[in-house]
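Q: With the input below, show me the fold.
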Amino acid sequence: MNTRKGEQATIEDWLRNHTLQDMEDIVAELSARGEDVVDMSKVVHELEDIAEEEHEWEQEHGTKLKAEGEMA
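A: Now for the predicted structure:
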């Protein structure tokens, strides 16, 4: 396994086992240490937006599918 694939696998594993709150906590901790977290913060906000959009889509389509199933 080359280094790039290994890094990607590690990232994917971490993301499967952690939440956006975990990421926010890490950003806050690094920021408190004086680290530049501007890019990380942007990524967290983008992921939050994606999660919200997905939740809204599931709510909208889940409700429609349920209603259609009840009419059948």
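
Q: now for the helix ranked longest in the chain, which elements pack on it?
A: Secondary structure of the chain per DSSP state H: the longest helix is helix 38-71. Here helix 38-71 is seen to pack against helix 20-32 when contacts are counted using 3 or more C-beta pairs under 8 Å, 6 or more residues apart in numbering; DSSP states H and E. To be clear about C-beta, it is placed using only N, CA and C from the backbone, and glycine gets the same treatment.

Q: what separates the helix it packs on from the chain centre, distance-wise?
A: Offset of helix 20-32 from its chain centre (C-alpha atoms, centre = their mean, to the nearest Å): 13 Å.

Q: Okay, buried residues for that helix please.
A: Met23, Glu24, Val27 (16 or more other C-beta atoms under 10 Å).

Q: give the contact list for the first one.
A: Neighbouring residues of Met23 by C-beta atoms under 8 Å, 6 or more residues apart in numbering: Met40, Val43, Val44, Leu47.

Q: and the residues you listed, which two are the farthest apart?
A: Using C-beta to C-beta, the two most remote members of the contacts of Met23 are Met40 and Leu47, lying 10.7 Å apart.

Q: Let me know the closest of the contacts of Met23 to Glu60.
A: Using C-beta to C-beta, those come closest to Glu60 at Leu47, 20.4 Å.

Q: Quick check: chain neighbours aside, which residue is closest to that closest one?
A: In space, Leu47 comes closest to Leu20 once its chain neighbours are excluded; the distance is 5.9 Å by C-beta to C-beta, 6 or more residues apart in numbering.

Q: Surely the one you found is in contact with Val44?
A: Yes: Leu20 lies in contact with Val44 (C-beta atoms under 8 Å); the separation is 6.5 Å.

Q: now the angle from the longest helix of the chain to helix 20-32?
A: 170 degrees (axes from the mean of the first three to the mean of the last three C-alpha atoms, to 10 degrees).

Q: Only the buried residues of helix 38-71, if you could.
A: Of all the residues in helix 38-71, those buried under the rule 16+ other C-beta under 10 Å are Met40, Ser41, Val44.

Q: quick one: the first one from His61, how far?
A: Read it as Met40. 32 Å (C-beta to C-beta, to the nearest Å).
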